[in-house]
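**Q** The following comprises the amino acid sequence and a computationally predicted model.
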Amino acid sequence: MPGLAEDSEEASLVGREATLAMTSYTEEGTTRIKTVRIVESGATASGEPISDGIEEATIDSSLVTQFHEDAIRQTGSGVFHWLLLLFAGLGMGAENAELFVVAFLIPSAEEDLCMENTDKTCLAGVTFSWMLVGAITWGCIADRVGRRTALLVALVFNSTFGAIAAFMPNYGLLLLTRLLSAVGAGGLLPVIIVYYCEFFGRRDRGRRATWLLAGWALGGLFVALMAWAAIPRTGVALMEEKKQYFSSWRVFVLLCSLPSFAALITLIFLPESPRFLLEVGRDIEAMFVYQSVYKNNHINDDPAAQYQLTELELPTRRQLYGGFPPPPSRSVLADFVSGFEAFWSSIFRVFNPPYSHLTFALLLIWAFLAFGYYGVSLWIPEYMQLLRNEDYRSRTRVENHTIFPAHMIFNSSIENTEYEGCVFPKSEFSHIRLNHVIFRNSTFENCSFRAIESSRTFFEASVLLNTELTDTDFYDFRFQDCELINTKSVNTKGPCQLDLNFNFRLSDLFSEAMIGQAVLIPGSLVASLLMNTIGRLRVIGLSMFSTSICASAIWFLKTPTHVVIFEAAFNLAFLWGWIAVAILTAEAYPTHTRATAYGVLTGISRVAAVLGIVVFRGLPGLNLLLPSILTAVVALVIGILTVKLPETKDVLL
């Protein structure tokens with residue numbers, strides 16, 4: 001090639017070390033070949049045929065794998081890999097933001113879109129369920145048409161529909177756009193980690209991939225900061241927000257689509273994975289990628305320096321799609337049917353030998369990871385709210401059997417008060433807020449309520465005689481076993497009969513998110529030092545052991561401060577193991593099925609996440625024994641299942 005050194009063709013790294021490369025790879029990759037890798041001749045490592053009709057490949061994939069390892073190692077490290085890290089970090093942040101945004105969106109958009117409890121549950125559930133669809137879909141696409149192509153389309157889905165959601169006028173359209181955004185977000189985690197890892201040799205891969213945990217955490221921090229900047233910070237402030245089309249929650253949702261847009265723009269400047277290009281026989285393109293990576297990493301070096309490998313040192317040309325011949329020209333319908341069949345066959349392939357044992361072990365581990373993490377992540381804020389409610393109720397003021405003076409005017413807001421057996425003769429309640437007020441067994445005679453805003457306020461077994469309700473939000477559900485005699489309701493506020501919580505405080509969600517996610521940034525740096533030093537399996541074991549210790553600490557959580565500290569410790573301990581499993585998963589499968597397997601595993605884990613949320617939500621209120629035991633059991637099961645996994649820190653991709 002023009003511009004290459006004169007002796008470059010004779011200085012082939014593969015040529016100089018062909019014998020050593022084959023020998024060292026066979027020894028180092030023995031575990032992988034026996035457990036997870038298909039040799040491209042169409043047989044397993046034990047020599048058993050995979051399926052009929054697959055042509056024998058012209059070269060064993062071990063040589064191509066060794067070539068990629070040598071080629072990517074020669075590119076060095078520099079500007080390109082920092083740009084790659086920027087993209088991957090933004091993409092992982094966008095994936096985490098997709099989940100975090102719902103927690104802040106629901107309380108801020110509740111009144112604007114008139115969301116009932118079932119609507120809130122559906123909005124949260126649709127994110128997990130359609131991320132499952134996205135993970136499997138984009139994983140399969142990444143193995144057939146390329147990692148970069150799959151990521152581009154997934155990011156277009158996520159960023160576009162994530163931004164469009166901010167302009168939706170009603171709940172139904174918001175749900176639809178959030179669904180489509182989740183489809184795009186579902187493919188980010190599996191395909192990004194596969195794409196990212198394929199640009200590193202085995203010595204740097206574990207350490208560099210662990211840094212993605214910091215990018216994931218930054219996505220959560222970004223959402224929390226955008227919520228703090230855009231959303232009113234109390235329930236009362238939300239009520240007072242002017243009714244305008246582009247309200248605060250819309251600004252918030254629009255801002256939260258920025259990481260996905262930024263990742264999309266960054267990806268435009270990055271190439272396809274050279275390992276994928278080699279796998280599908282696009283060898284010349286792969287060489288251009290290696291040379292481009294080298295050039296960007298050595299941008300400040302001697303201009304005469306050249307990348308040493310050339311097209312002449314490429315392994316013998318291999319067939320497309322891991323041994324499958326390219327399909328002949330057919331009709332659009334036939335192509336669609338063929339593509340649909342290939343989609344399902346690629347999914348089923350990861351559950352068949354020689355991958356079956358590995359896949360089922362990883363599937364259980366991913367499921368328990370999602371079950372434990374999202375279950376505990378849901379339980380923590382709910383338990384904190386229980387503690388706050390207990391404290392709030394302990395300060396309730398009670399008025400017992402009080403007969404108030406006639407014509408008494410209540411013109412100051414009333415909060416956290418119970419009226420038991422009280423009598424209100426000719427009383428006037430005007431332009432006030434009633435927050436957590438109970439009128440029980442009380443009598444209102446010739447009274448008037450005007451311009452009232454209420455929250456968690458109820459009339460129980462009371463009598464309202466000749467009473468006028470004007471410009472109030474006293475809907476039917478506020479009157480429980482009451483007698484309304486000659487009582488008139490005029491201009492009841494709005495068609496949306498919701499009981500909004502004035503006690504909502506954005507600072508509670510904000511502090512939980514900030515502390516729980518911020519601790520992961522230094523934590524990822526520490527984990528990166530351990531990932532290659534002690535290996536993936538030991539990191540998982542250490543993580544689950546630490547998690548079990550955290551689980552025992554649940555019993556001692558008596559204040560919100562204790563809970564926040566526990567959340568930080570739990571996230572740090574648990575997510576070390578998760579990122580180790582994430583890296584191991586990318587390393588455990590061969591190139592032609594790597595993204596598919598990853599997508600299937602992460603997709604199904606979304607079902608386990610929903611199950612974890614349901615189970616932990618159903619635990620008794622202040623009983624701490626069950627969540628403690630359940631969390632410890634999850635950590636124990638993951639630790640036991642890890643024994644079934646191969647150590648992959650020395651595997652070549």
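**A** Yes, it's here.
**Q** residue nearest the centroid of the chain?
**A** Using Cα atoms, centre = their mean, the residue of the chain that lies closest to the mean C-alpha position is residue 96, 4.0 Å off.
**Q** can I assume it sits in a strand?
**A** No. Membership of residue 96 in a strand is not supported by DSSP: H, G, I helix; E, B strand; the rest coil, which gives helix.
**Q** what's the closest non-adjacent residue to it?
**A** residue 219 (3.6 Å; Cβ to Cβ, 6 or more residues apart in numbering). From N, CA and C alone the C-beta is placed, and that goes for glycine too.
**Q** so that neighbour touches residue 93, yeah?
**A** Yes. At 2.8 Å, residue 219 counts as touching residue 93 under the criterion of Cβ atoms under 8 Å.
**Q** anything in contact with each of these two?
**A** Residues touching both residue 219 and residue 93 (Cβ atoms under 8 Å, 6 or more residues apart in numbering) are residue 259.
**Q** now the end-to-end length of stretch 138-154.
**A** Between the start and the finish of stretch 138-154 there is a gap of 7 Å, counting by Cα to Cα, to the nearest Å.
**Q** Where is the longest helix in this protein?
**A** Of all the segments of type helix in the chain, defined by DSSP state H, the longest one is helix 356-394.
**Q** Give me the buried positions along that helix.
**A** 358-359, 361-381, 383-384, 387 (16 or more other Cβ atoms under 10 Å).
**Q** Dump stretch 632-648 to PDB, keeping only the CA atoms.
**A** Only the C-alpha atoms of stretch 632-648 are listed here, as PDB (Å, rounded to 0.1, in the frame of the first residue of the first chain):
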ATOM      1  CA  ALA A 632     -28.500 -12.300  51.100                       C
ATOM      2  CA  VAL A 633     -30.100 -15.300  49.300                       C
ATOM      3  CA  VAL A 634     -29.700 -13.500  45.900                       C
ATOM      4  CA  ALA A 635     -26.000 -12.800  46.600                       C
ATOM      5  CA  LEU A 636     -25.500 -16.500  47.700                       C
ATOM      6  CA  VAL A 637     -27.100 -17.900  44.600                       C
ATOM      7  CA  ILE A 638     -25.100 -15.700  42.300                       C
ATOM      8  CA  GLY A 639     -21.900 -16.700  44.100                       C
ATOM      9  CA  ILE A 640     -22.800 -20.400  43.700                       C
ATOM     10  CA  LEU A 641     -23.700 -20.100  40.000                       C
ATOM     11  CA  THR A 642     -20.400 -18.300  39.400                       C
ATOM     12  CA  VAL A 643     -18.600 -21.600  39.900                       C
ATOM     13  CA  LYS A 644     -20.100 -22.800  36.700                       C
ATOM     14  CA  LEU A 645     -18.500 -20.000  34.700                       C
ATOM     15  CA  PRO A 646     -15.100 -20.000  32.900                       C
ATOM     16  CA  GLU A 647     -12.500 -17.400  33.800                       C
ATOM     17  CA  THR A 648     -12.200 -15.200  30.700                       C
END
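**Q** So which bits of it are buried?
**A** Buried residues in stretch 632-648, counted by 16+ other Cβ under 10 Å: 632, 634, 635, 636, 637, 638, 639, 641, 642, 645, 646, 648.
**Q** in the stretch 551-653 of the chain, which spans are strands?
**A** Listed in chain order, the strands found in the stretch 551-653 of the chain under DSSP state E, counting those that start in this stretch amount to none.
**Q** Could I get the full set of helices for it?
**A** Applying DSSP state H, counting those that start in this stretch to the stretch 551-653 of the chain gives helices spanning 560-588, 591-617, 625-642.
**Q** got the angle for the second one vs helix 625-642?
**A** The one in question is helix 591-617. Regarding helix 591-617 and helix 625-642, their directions subtend 160 degrees when assessed with axes from the mean of the first three to the mean of the last three Cα atoms, to 10 degrees.
**Q** Give me the buried positions along helix 591-617.
**A** Of the residues in helix 591-617, those with enough neighbours to count as buried (16+ other Cβ under 10 Å) are 591-606, 608-610, 612-613, 615-616.
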